[in-house]
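In: Generate coordinates for the sequence data below:
(one chain, ligands or ions: 1)
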Amino acid sequence: MLQTRLCNILGIEYPIFQGGMAWVATGELAGAVSNSGGLGIIGAGNAPADVVKNEIRKVKQLTNKPFGVNVMLLSPFVDDVIQTIVDERVPVITTGAGNPGKYVSVLQSIGCKIIPVVPSVSLAKRMTRLGVDALIAEGTEAGGHIGELSTLVLVPQIVDAVEIPVIAAGGIFDGRGLVASLALGAEGVQIGTRFICTNECTAHDNYKQALIKAGDRDAVVTGRSTGHPVRNLRNKMTRIMDDLEKKGAALEEIEEVGRGALRAAVVEGKVDEGSVMAGQTAGMIKEIQSVKEVIDDIVNGAKQVRTSLSTNRHLLNV
Ligand code: TUI
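Out: A predicted model of the protein is given here:
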């Protein structure tokens, strides 16, 4: 009932991707999402290839279903990570923070589906010319490194500009977000933040509790002045960054505050000094659930929204 072209291309039951969040999206989380009918994605972030290989092996232990690896193209280990993905015959790769052009032919040679994240129409068009399989249009509501346009305006413009399937990302939380994305012409969604607050996610409990406590305006952007805007939960670190930016501090000084800060928050639970990357949906998270409960809630919610739209009590004359 919720099947799209994307489900057929990738061999998945529901058109729901779990965002490949650095440090957060380990094999445990990705395996659980794939087992529940979505596409689980390992976040390679800045990890060396042997660490990524270990997470891939974990997913293969947990599931026989398709899964992906997100490659952050600014990583110093990117070449080795791509080689590991090829060696391990990973079925899907998503990419962020750059252009995956030079890896396309080797990935295609093993049948790996290539799905870049794009924050603009011009990049979407450029990526399509590389022969990629689909695109993730990520709005500024997302967590981590972000673009400028909101999902509501980015998705339909990219849908109109390309022929391949588009997956909407940024600000999507439940069945309402899934149906809204389909209405914009997307054929799937990517959800990151909500999957952090699951039993299967190995992030520190302090990180999960910070998300549960967060309100609607707590996921703020730092680093606009450096040209590398990042959305994280407001805390001591974001205030230090804001102060440095206001003072006009040197780029290196501002970026130094962020170095190692994501690991500190995710692994060590340092949610005051660390970087608690999160999207604007943080305010919607109320509890920790199992991955299956999250997926079932999104799918059942989407079915309910579709029914209520077709008998819409707000549109009495339609
Ligand atoms: O990649 C993301 N979000 C991320 S990556 C990340 S890991 C990290 N942690 C700490 C420090 C540094 C990195 C955390 N959050 N989102 C996908 C995304 N990609 N958003 C925007 C883009 C993008 C930007 C420019 C994609 C392509 C692009 O192309 C520029 C070019 O070179 O053509």
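
In: which element follows the one helix or strand I42 maps to toward the C-terminus?
Out: Element membership of I42 [criterion: DSSP states H and E] is strand 40-43. Counting by DSSP H and E, the next helix or strand C-terminal to strand 40-43 is helix 49-62.

In: who are the neighbours in contact with the nearest residue to R306 once chain neighbours are set aside?
Out: Counting by C-beta to C-beta, 6 or more residues apart in numbering, R306 lies nearest to V179, which is 6.1 Å off, once chain neighbours are set aside. Every C-beta, even on glycine, is put in place using the N, C-alpha and C of the backbone. Counting by C-beta atoms under 8 Å, 6 or more residues apart in numbering, V179 touches A302, V305, R306, L309.

In: and the stretch 51-200 of the chain, which residues reach the ligand?
Out: Contact residues (C-beta under 6 Å from any ligand atom) of the stretch 51-200 of the chain with the ligand: 72, 96-99, 117-119, 123, 138, 144-147.

In: switch the cut-off to 8 Å
Out: By the rule C-beta under 8 Å from any ligand atom, the part of the stretch 51-200 of the chain lying against the ligand is 70, 72-75, 95-99, 116-119, 123, 126, 136, 138, 142-147.

In: Surely the residue nearest to R306 forms part of a helix?
Out: Yes: assessed with DSSP: H, G, I helix; E, B strand; the rest coil, V179 lies in a helix.

In: Buried only: go through the residues of the stretch 51-200 of the chain next to the ligand for me.
Out: 70, 72-73, 75, 95-96, 116-119, 123, 136, 138, 142-147 (16 or more other C-beta atoms under 10 Å).

In: What about those, which are in helices?
Out: L123 (DSSP state H).

In: wait, what's in contact with A142?
Out: Contacts of A142 by C-beta under 8 Å, 6+ apart are G19, A169, G170, G171, G192, R231, G279, Q280.

In: Let's see that with 10 Å instead.
Out: The contact partners of A142, by C-beta atoms under 10 Å, 6 or more residues apart in numbering, come to 19, 117, 119, 136, 151, 169-172, 190-193, 219, 231, 277-281.

In: and if you look at L130?
Out: So L130 contacts N99, P100, G101, K102, Y103, V104, S105, Q108, I114, P116 (C-beta under 10 Å, 6+ apart).

In: just S275 next, same as before
Out: Taking C-beta under 10 Å, 6+ apart, one finds 23, 144, 222, 230, 232-233, 235, 237-238, 241, 257-266 in contact with S275.

In: what about the closest residue to the ligand within the stretch 201-318 of the chain, which SS state?
Out: Closest to the ligand within the stretch 201-318 of the chain is L262: 5.0 Å, counting by C-beta to the nearest ligand atom. Under three-state DSSP, L262 falls in the helix class.
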